[in-house]
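Enquirer: Below are the sequence and a predicted model; questions follow.
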Amino acid sequence: KSPVRSVTKTRTKAGREVDVVELESSDADDKKNGTHFDDGSDSDEEEAVEARELTGSIEKEKIPTSKAAFKESPFYVIPSVLNSREVLHPDARKRICGVFKGELVYRRNDVSRALRAEKWLYKGRRVREDEVGSPVKRVKARKKPVARGFQALNSYGVSERAQDEMISSIDDERKNGEAAGTDDLYGIWQTEPWSPPYVSPTDAIPVNRYKNVELALINPGLTHVDIRGLAPVARRLGVPYAH
């Protein structure tokens, strides 16, 4: 089970965007340890403290009295104001804050954005094998532009059999969703940390059928060298490469 309950974006008084990461814990641990904040920097402890204070104020914040106010509230939310790709954490009902016109009121930090399986890879996570095929939500697929030029990889890390099988099953799910005109979305609690597998000097470079490598998911052990005209040199020297 993933230790991450939810990830919520908020802003500090200085206007900096930070991620509020809530971890799975008991109620006692929640009170003792609070919430973990991560803005991608090791030097912003002051802003992290400020973000904790912001979240702590939820206890003092009154529940909104209009639907428009719920849309803007950083602390409370009702299901009807969520967009098509936002979802509530499965155990959000344990922390219900009240009722508004027949709708249950939830904590805003119990809301997170659900993504397609392949999109989670860009976040450094992948859908757990036991969750593949059980999306938290199915939504109408966005119209995809006609592919031109670079094509994204169909497989990330073909040097590992387990990895290859995992992505293959995700691709099957994606294709099934596309065939029905829908996208299968997964919540962060359905995922686990992931990174492209290491490629050793004796391994083949993982590429797609167009002989391309996607830089956003480049495997450890590979290096991107952006020098014009380098490909012919590598070819003459017999050095493996890919575009």
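Expert: That came through fine.

Enquirer: Return the residues in contact with the residue lying closest to K137 once chain neighbours are set aside.
Expert: Counting by Cβ to Cβ, 6 or more residues apart in numbering, K137 lies nearest to L185, which is 4.5 Å off, once chain neighbours are set aside. Any C-beta I mention is one placed from the backbone N, CA and C, and that applies to glycine too. Neighbouring residues of L185 by Cβ atoms under 8 Å, 6 or more residues apart in numbering: R85, V87, A114, L115, R116, P135, V136, K137, R138, V139.

Enquirer: quick one, helices of the chain?
Expert: Under the criterion DSSP state H, the chain contains helices at 27-33, 45-56, 67-72, 117-121, 161-179, 230-237.

Enquirer: Low-confidence regions, the protein specifically.
Expert: Counting by pLDDT under 70, the ranges of the chain that qualify are 1-60, 144-180, 208-209.

Enquirer: Look up how far N212 lies from the residue lying closest to P240 once chain neighbours are set aside.
Expert: Sequence neighbours aside, I205 is the residue nearest to P240 in space, at 5.7 Å (criterion: Cβ to Cβ, 6+ apart). Distance, I205 to N212, using Cβ to Cβ, to the nearest Å: 10 Å.

Enquirer: residues bridging contact with the two, i.e. touching both?
Expert: Counting by Cβ under 8 Å, 6+ apart, the residues touching both I205 and N212 are A242.

Enquirer: these two touch, right, the residue nearest to P240 and A242?
Expert: Yes - I205 is in contact with A242 according to Cβ atoms under 8 Å; the separation is 4.7 Å.

Enquirer: Now for those two: what residues contact both?
Expert: Joint contacts of I205 and A242 (Cβ under 8 Å, 6+ apart) are V213.

Enquirer: so where do the strands sit in the chain?
Expert: For the chain, the strands defined by DSSP state E occupy 4-11, 17-23, 36-38, 76-77, 86-88, 98-100, 103-107, 111-113, 125-127, 137-140, 182-185, 191-193.

Enquirer: Contacts only, for T191.
Expert: S2, W120, R125, R126, V127, R128, E131.

Enquirer: What's the local residue count around R107?
Expert: For R107, the neighbour count with other Cβ atoms under 10 Å is 20.

Enquirer: how much space between it and I188?
Expert: 16 Å.

Enquirer: go on, S66?
Expert: 29 Å.

Enquirer: who has more neighbours, the two?
Expert: Ranked by neighbour count (other Cβ under 10 Å), S66 and I188 place I188 first, with 22 against 10.

Enquirer: wait, the more buried one sits on D110?
Expert: No - applying Cβ under 8 Å, one finds I188 not in contact with D110, separated by 11.6 Å.
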